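S.K.: Take this sequence and fold it.
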Amino acid sequence: MKRRGLLALGAAATAVLVLGGGAVALVQPALRNGRLTERGRIVMGAISQALLEGSLPSGTSAASRELEALLGRIETALHGLPAHAQAEFSQLLALLGTAGGRLALAGLRPDWHEASLPQRQGALQSMRVSPVALRQQSYQALHDLVASAYFSDPSTWSALGYPGPLKL
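M.R.: Residues are numbered from 1 along each chain as shown. You can find the predicted model right below:
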């Protein structure tokens, strides 16, 4: 195949992904009325576990409770964003919730909840160091939202060894 053919194929594949992903995001948004949908919760939960591995409490029940609390704080943070930012984040999560979007953006073949922790961490790392700006920006948005929702909550400070703000 000649170079022009490869470029045309790449452009066509990108257009299909954008149109298909946009259609999925409209039909199955990851945010509805400022709250994560079931699919959005699955994607954000799996990503949060991968990003916070080592910071979340050990033990299945404690980790599950903390993850649920974290998803609530993520919803609160998303609710505070302007409408256009909420819509963009909803589209990102909707794309990551599809097989094609997950493969294109994160390079992850199995579904988020089926992938092992190292697979999810590897997918996020590939987004972080990708030469494609869209993948890097997607990673940064996910990372910043999870980190701010987790580390801003006083209930997580003692596990981190942070005594809290100085009392004057």
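
S.K.: tell me, what residue is most central in this protein?
M.R.: With the centre of the chain defined as its mean C-alpha position, the nearest residue by CA atoms, centre = their mean is L142, 4.4 Å away.

S.K.: contacting residues around the helix or strand where it lies?
M.R.: Using DSSP states H and E, L142 maps to helix 133-151. The contact list for helix 133-151 (CB atoms under 8 Å, 6 or more residues apart in numbering) reads 44, 47-48, 51-52, 55, 70, 73-74, 76-78, 89, 92, 96, 105-106, 124, 126-130, 156, 160. C-beta here means a position set from N, CA and C on the backbone, and glycine is covered the same way.

S.K.: Point out the ones among those residues that are inside helices.
M.R.: Members of the contacts of helix 133-151 lying in helices (criterion: DSSP state H): 44, 47-48, 51, 70, 73-74, 76-78, 89, 92, 96, 105-106, 124, 126-128, 160.

S.K.: From V132, how far off is D144?
M.R.: 18 Å (CB to CB, to the nearest Å).

S.K.: For W157, the count of nearby residues, please.
M.R.: Using other CB atoms under 10 Å, W157 is surrounded by 14 other residues.

S.K.: just checking, it touches P163?
M.R.: Yes - judged on CB atoms under 8 Å, W157 makes contact with P163 at a distance of 7.3 Å.

S.K.: Is E114 part of a helix or strand, or is it coil?
M.R.: Classification of E114 by DSSP: H, G, I helix; E, B strand; the rest coil places it in coil.

S.K.: what's the neighbour count on the spatially closest residue to L92 that is not a sequence neighbour?
M.R.: Leaving aside its sequence neighbours, L92 sits nearest to S138 (CB to CB, 6 or more residues apart in numbering; 5.8 Å). Neighbour count of S138, defined by other CB under 10 Å: 22.

S.K.: Same check on H113?
M.R.: For H113, the number of neighbouring residues by other CB under 10 Å comes to 11.

S.K.: who touches it in this structure?
M.R.: Applying CB under 8 Å, 6+ apart, one finds that H113 lies in contact with I42, G45, A46.

S.K.: On the pLDDT front, check it for me.
M.R.: With respect to pLDDT, H113 scores 91.
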